[in-house]
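S.K.: Sequence and predicted structure are below.
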Amino acid sequence: MILKTERLTLRPQQQDDAPALFLILNDTEAMCFWSRPPITRLAVVEELVREQQTVMAKGLCQYWTVIEGSDAIGSVDLSLIRDGSAELGFLLRRDRWGFGFAVEAVAAIVTHALGPLGLTRLAAAIQIENRAAARVLEKTGFAQVDRRNVAIASGAMKDCAFYLRKR
């Protein structure tokens, strides 16, 4: 389903979004709070998008590409969809930070998830140092419910905050 906001279009992710996503996933600063290092090869992002297309087809996840005008500037996703719940994730290209696009895109997904999709609970996890992501979550109705030190995918221990939004 295509979602529209005042300034953005969020459309289901497509394979040809890989080059635009690579610009973000390859950016050291954009990836500094992710559990994985920057991706250095476009072929890896192309394979990642193929995998995401497969899980989307199974109904386990939904990925949207965030488009400003005709420019793909990021992605928002709902993963681990089951039993009325999902986990929210979002990532924007660094040159689009600070303009309110993340709040606008996340708000559209939250409205869709808790409305037409019929979900009752959304969760999100961030590293504590990522204050910008915390503000996006708080502005879209999420509340912090836990904070603890966890091992992320890289094996490093990070202080993380866990957020919840209910219908």
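M.R.: Perfect, thanks for sending it.
S.K.: my guess is Asn149 contacts Ile128, does it?
M.R.: No: using CB atoms under 8 Å, Asn149 is not in contact with Ile128; the gap is 9.5 Å. Quick note: C-beta positions are derived from backbone N, CA and C, even for glycine.
S.K.: out of those two, which sits in the busier spot?
M.R.: Ile128 (15 against 9; other CB atoms under 10 Å).
S.K.: Pull up the gap between the closest residue to the more buried one other than its chain neighbours and Val150, please.
M.R.: Excluding its sequence neighbours, the residue lying closest to Ile128 (CB to CB, 6 or more residues apart in numbering) is Asp159, at 4.4 Å. Distance, Asp159 to Val150, using CB to CB, to the nearest Å: 8 Å.
S.K.: Ok, Gly84 next?
M.R.: 24 Å.
S.K.: returning to that earlier point: which residues are common contacts for Asn149 and Ile128?
M.R.: Lys158, Asp159, Cys160 (CB atoms under 8 Å, 6 or more residues apart in numbering).
S.K.: Ala43 belongs to a helix?
M.R.: Yes: the assignment for Ala43 (DSSP: H, G, I helix; E, B strand; the rest coil) places it in a helix.
S.K.: And for it, the neighbour number?
M.R.: Neighbour tally, Ala43, other CB under 10 Å: 10.
S.K.: and it, what pLDDT?
M.R.: Looking at Ala43, its pLDDT is 97.
S.K.: Repeat that for the one 4 residues further on.
M.R.: In the predicted model, Glu47 carries a pLDDT score of 97.
S.K.: Burial check on it, number of neighbours?
M.R.: Neighbour count for Glu47, taken as other CB under 10 Å: 13.
S.K.: And for Arg36?
M.R.: Residues contacting Arg36 under the criterion other CB under 10 Å number 10.
S.K.: do the same with the one 3 residues further on
M.R.: Look at Ile39: counted by other CB under 10 Å, it has 19 neighbours.
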